[in-house]
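Trainee: Sequence first, predicted model second:
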Amino acid sequence: MLKISTKCMYFLQVSIIAFMLSACSSLKITDEIVPSDGVQGITISKKSKATQKILDSATIYFEYDSSRLSSESIKTLRDIVELMKTDKAMTLSLQGHADERGTREYNLALGQRRSESVSSYLIASGLSNSRMEAISYGEERPLILGSDESSWQKNRRVEIK
Amino acid sequence: MNKLALISALFFSVCGLSDLRLEIKKGTIDPINIAIYEINNKSNISKTIGDVLRGDLIRTGEFKIIDGIEIVQLFDEKSVFNFKGWKMLNLDYVVIPEIDFPDNSSVNLRYRVFDVVLEKEIRASKIFGLRSNLRQIGHFASDGIFESILGFPGVASTKIMYVNYSNFNDEETYKLFISDSDGFNRKLLLQSPYPIISPAWSPDSKEVAYVSFETGKASVYIQNVSTGRRNLVLKKNTQVSSPSWSPNGKFLAITIHEGGNPEIYILKLKDKSLTRLTNHYSIDTEANWSAKGNKIMFTSSRSGTPQLYEINLRSIGKNPKRITYEGDYNARGSYLPDGNGYVFVHRSSEGNFHIALKYRRESFARILTEARLDESPSVSPNGSMIVYAVSEDGINKLSILNINGAQFDLPSSEGMVREPAWSGLVR
């Protein structure tokens, strides 16, 4: 037994009438293109533990009032370049810092110069500048609190994140 | 007016909870002797105003308040002011304050100032105030008395802005505060988990500019003090910092850190157009505008070490003139209001950082402070005092010294208060 609901009956009738009407008037022909499912997703994943470990130990240190890279720093940065060439999606935040001595604005500028000097080295080594951002926190984010040379040494740095 | 050792006073803040309070550390040598009659109406209101007035005058470093004036009758036997009686107390000046209450919310303070030596009245003023703002009535009176005797405005009624930093359980909080010049009446302008540096007042003291790191990099904001409305002054991909207002309030000198090469620009606030002021591969930052508006001083490392330079704004593009040669670190200069000199941060041969003052007529800099890491000097709008930050072993506090003052000791105090900025005159 075929049971058709009244609602369905109604729909069928309307469709038949519509078909008859369109047949009487001009025929409407349309072309449509269904686009591919073009969604570009972004996945931000944490850097792998191994990568993170390398970056954590890759802090670059500087002399007083200087943004020059030492030969030791260059060795460290070579490892970073290798890492970046292996992992093509990896991006870096280069965060420059200064010790507490001197004025805050001068130190902000000094920290920026330090992060830019790291960034310049990486770019000169063939990495795209779009893969890194150089910023500065000046003297605002010391790693070590203390007013002696051993604390200051650790605070004059660029952290690579 | 060449006092030797004057006043030093210390601001302190305990764990960011209490207001700043000035603590007077050193008195005055050869002060002006002044006596103030008790205010006619004996009430808490009179007491508050009287205490504020006395505290203000002492803090200027210019006055010694002589007690016991009440035993001298106001008038002598001829019904004229009792100059003879005041002279016996060795007084230089006498103040007679009077209070009245026109309605429930208002307080009027009248005061007269007498020059005892010249035997004449030098000021008669009336201050119309509100019960809700009693301290400011006292500050206004103090400033008027100061001005009538010394010939230039007092700054008790001005404001000081500063940054308070706290770190509880690894949670960092930065607060930008405004307080009265005596540390009372603290008001919060901005609270943030990200660093706030370089606060600067607009010339009319109605707005402030500062650097906030809330977007991950340094950016300059302007905030209206009374409405709290604020704007990012310049949208940039690079860091922007070190704001300094032009005296007419229409421009802001700022540092743009393009590609690690900080340069100073003048930003026209109305249309955000930029005029480049410096052009050198070294660090150029910390612009400060002269009171007349024709010059800008800044810090540059173009000589190899940070030194102060000056640009005449009528000849932009010409080489800036170097104005400091003492030692290997002179930075963050600011002009005295009369333009006759400037204060800055100077690194001594022992490697300590001090506040220094250099008059244009002199060939040497005067070292004003003696802690290890003094920074952020800001000159009071009458040019008589400097507020600055002392930073040592993770402790930051503010200190005020009179510009004629010799060096002084700083007592220990708690708290992390830094980057003071003195407002303009508000009277």
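Mentor: Here it is on my side, so go on.
Trainee: Helices along chain A, start to end?
Mentor: A:6-24, A:49-56, A:71-86, A:104-124, A:149-155 (DSSP state H).
Trainee: deepest of these, which one?
Mentor: Among the helices of chain A, helix A:104-124 has the highest mean neighbour count (mean count of other C-beta atoms under 10 Å in any protein chain shown), at a mean of 25. Glycine gets a C-beta too; all of them are placed from N, C-alpha and C.
Trainee: helix, strand or coil for B:Asn231?
Mentor: strand (DSSP: H, G, I helix; E, B strand; the rest coil).
Trainee: check contacts around it.
Mentor: B:Tyr221, B:Ile222, B:Gln223 (C-beta atoms under 8 Å, 6 or more residues apart in numbering or on different chains).
Trainee: For A:Gly96, which residues are in contact?
Mentor: A:Gly96 neighbours (C-beta under 8 Å, 6+ apart): A:110-116, A:118, A:134-137, A:157-158.
Trainee: again, only using 10 Å
Mentor: Applying C-beta atoms under 10 Å, 6 or more residues apart in numbering or on different chains, one finds that A:Gly96 lies in contact with A:60, A:62, A:67, A:107-119, A:134-138, A:156-159, B:260.
Trainee: any idea how far B:Leu150 is from chain A?
Mentor: Using C-beta to the nearest C-beta, to the nearest Å, one obtains 32 Å as the distance from B:Leu150 to chain A.
Trainee: excluding its backbone neighbours, what's nearest that residue?
Mentor: Nearest residue to B:Leu150 in three dimensions, chain neighbours excluded: B:Glu62, at 6.4 Å (C-beta to C-beta, 6 or more residues apart in numbering or on different chains).
Trainee: Model confidence score at the residue nearest to A:Ser67 when sequence neighbours are not counted, please.
Mentor: Leaving aside its sequence neighbours, A:Ser67 sits nearest to A:Arg113 (C-beta to C-beta, 6+ apart; 4.0 Å). According to the prediction, A:Arg113 has pLDDT 96.
Trainee: same deal with B:Gly55?
Mentor: pLDDT, read off for B:Gly55, is 90.
Trainee: what about it, neighbour count?
Mentor: 19 (other C-beta atoms under 10 Å in any protein chain shown).
Trainee: Please read off the pLDDT at the residue nearest to it when sequence neighbours are not counted from the model.
Mentor: The shortest distance from B:Gly55 to any non-neighbouring residue, by C-beta to C-beta, 6+ apart, is to B:Asp182 (6.4 Å). With respect to pLDDT, B:Asp182 scores 86.
Trainee: May I have the secondary structure class of B:Asp182?
Mentor: Taking three-state DSSP, the label given to B:Asp182 is coil.
Trainee: For the residue of chain A found nearest chain B, which non-adjacent residue is closest in space?
Mentor: Chain B sits closest to A:Glu116 of chain A, with a gap of 2.7 Å, by C-beta to the nearest C-beta. Spatially, and ignoring its direct neighbours in sequence, A:Glu116 is nearest to B:Gly260 (2.7 Å; C-beta to C-beta, 6+ apart).
Trainee: Same question for A:Ile54.
Mentor: Spatial nearest neighbour of A:Ile54, excluding adjacent residues (C-beta to C-beta, 6+ apart): A:Leu83 at 6.0 Å.
Trainee: can you pull out the strands in the stretch 201-350 of chain B?
Mentor: B:207-212, B:219-224, B:230-232, B:239-245, B:251-258, B:261-268, B:274-276, B:284-289, B:295-300, B:307-312, B:321-322, B:330-335, B:341-347 (DSSP state E, counting those that start in this stretch).
Trainee: Adding distance to B:Ile149 and mean pLDDT, write these out as CSV.
Mentor: Converted to CSV, the strands of the stretch 201-350 of chain B look like this (distance: least, C-beta to C-beta, whole Å; pLDDT from 0 to 100):
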stretch, distance to B:Ile149, mean pLDDT
strand B:207-212, 32, 97
strand B:219-224, 36, 97
strand B:230-232, 40, 95
strand B:239-245, 31, 97
strand B:251-258, 36, 96
strand B:261-268, 40, 97
strand B:274-276, 44, 96
strand B:284-289, 31, 98
strand B:295-300, 32, 98
strand B:307-312, 34, 97
strand B:321-322, 38, 96
strand B:330-335, 26, 98
strand B:341-347, 24, 97
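Trainee: how about CSV for the ones you listed, with distance to B:Ser125 added?
Mentor: Converted to CSV, the strands of the stretch 201-350 of chain B look like this (distance: least, C-beta to C-beta, whole Å):
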stretch, distance to B:Ser125
strand B:207-212, 29
strand B:219-224, 31
strand B:230-232, 37
strand B:239-245, 30
strand B:251-258, 36
strand B:261-268, 40
strand B:274-276, 44
strand B:284-289, 32
strand B:295-300, 36
strand B:307-312, 40
strand B:321-322, 44
strand B:330-335, 30
strand B:341-347, 31
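Trainee: Among the ones you listed, which comes closest to B:Thr48?
Mentor: Closest approach to B:Thr48 among those is made by strand B:207-212 (27.9 Å; C-beta to C-beta).
Trainee: Could you tell me which residues within that closest one count as buried?
Mentor: B:Glu207, B:Val208, B:Ala209, B:Tyr210, B:Val211, B:Ser212 (16 or more other C-beta atoms under 10 Å in any protein chain shown).
Trainee: Kindly report the same for stretch B:266-277.
Mentor: Burial within stretch B:266-277, assessed by neighbour count using 16+ other C-beta under 10 Å, is assigned to B:Ile266, B:Leu267, B:Leu269, B:Leu277.
Trainee: List the contacts of the residue sitting nearest the centre point of chain A.
Mentor: Centroid-nearest residue in chain A: A:Thr91, 5.6 Å away (criterion: C-alpha atoms, centre = their mean). Counting by C-beta under 10 Å, 6+ apart, A:Thr91 touches A:Ile44, A:Lys47, A:Met84, A:Ser128, A:Ser130, A:Arg131, A:Met132, A:Glu133, A:Lys161.
Trainee: Give me the buried subset of these.
Mentor: Buried among the contacts of A:Thr91 by 16+ other C-beta under 10 Å: A:Lys47, A:Met84, A:Met132, A:Glu133.
Trainee: remind me which residues of the chain are low pLDDT?
Mentor: As the question left the chain open, I've gone with chain A. A:1-26, A:28, A:30, A:35-45 (pLDDT under 70).
Trainee: Chain B, not that one
Mentor: Along chain B, segments meeting pLDDT under 70 span B:1-29, B:393-394, B:404-415.
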